[in-house]
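Participant: dropping a prediction and its sequence here:
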Amino acid sequence: MVEKAEKDRKIREIEESGRRQAEETLREREDVLYNEMIRLHQGTVDNYLSWIMNNTVEKGIFFKLLKNSLNFFFNFYLKASTRQAIIMSKLRKDKMSKAVENVERKFNNHETIIKDLVSSFLVPNIERTKIQKKSKIMFISQMNKNGIFLNCI
């Protein structure tokens, strides 16, 4: 019986060592696959990040050049159009001032100037008195609505 127990124990040990060896082999194979997969993913991530960096740098340089060229163009164009506008306004001013002077000489005599001055004084004064009368009438009508009779105003 002792011999049979020892034989059974040795057989179980051999079977157990075979299982352990198979598990270690399987674990080593899985570790190798895992490491290869990690290297593949790391390589993919590295390639993707380097692609993004290269494109970003290239686009940054492109947009910087584009911005500089557009700034130069717009500054040049705006300066040119500003100069052109100044020149055109001077020409118009010269032409218009001559025409206005001719009209003023023709139609502005002493009587016209006096009429303009008097009307510029009288018209605002007349408007002011009209507004005062209207506000007085509105005030009186409001007081009459409220039951306060103002006959003395």
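Facilitator: Right, received. Where do you want to start? Numbers count the residues shown, from 1 in each chain.

Participant: model confidence for the spatially most central residue of the chain, exactly?
Facilitator: Nearest residue to the geometric centre of the chain (C-alpha atoms, centre = their mean): residue 67, 16.3 Å. Reported pLDDT at residue 67 in the predicted model: 74.

Participant: which residues touch it?
Facilitator: With contact set as C-beta atoms under 8 Å, 6 or more residues apart in numbering, residue 67 has no partners. No exception for glycine: its C-beta is placed from N, CA and C like everyone else's.

Participant: going by secondary structure, it is in what exactly?
Facilitator: Using DSSP states H and E, residue 67 sits in helix 2-107.

Participant: the following helix or strand past that helix to helix 2-107, inter-axis angle?
Facilitator: Following helix 2-107 in sequence order, the next helix or strand is helix 110-145 (DSSP H and E). Following axes from the mean of the first three to the mean of the last three C-alpha atoms, to 10 degrees, one obtains 120 degrees for the angle between helix 110-145 and helix 2-107.

Participant: ok, residue 61 - contacts?
Facilitator: With C-beta under 8 Å, 6+ apart, residue 61 has no contacts at all.
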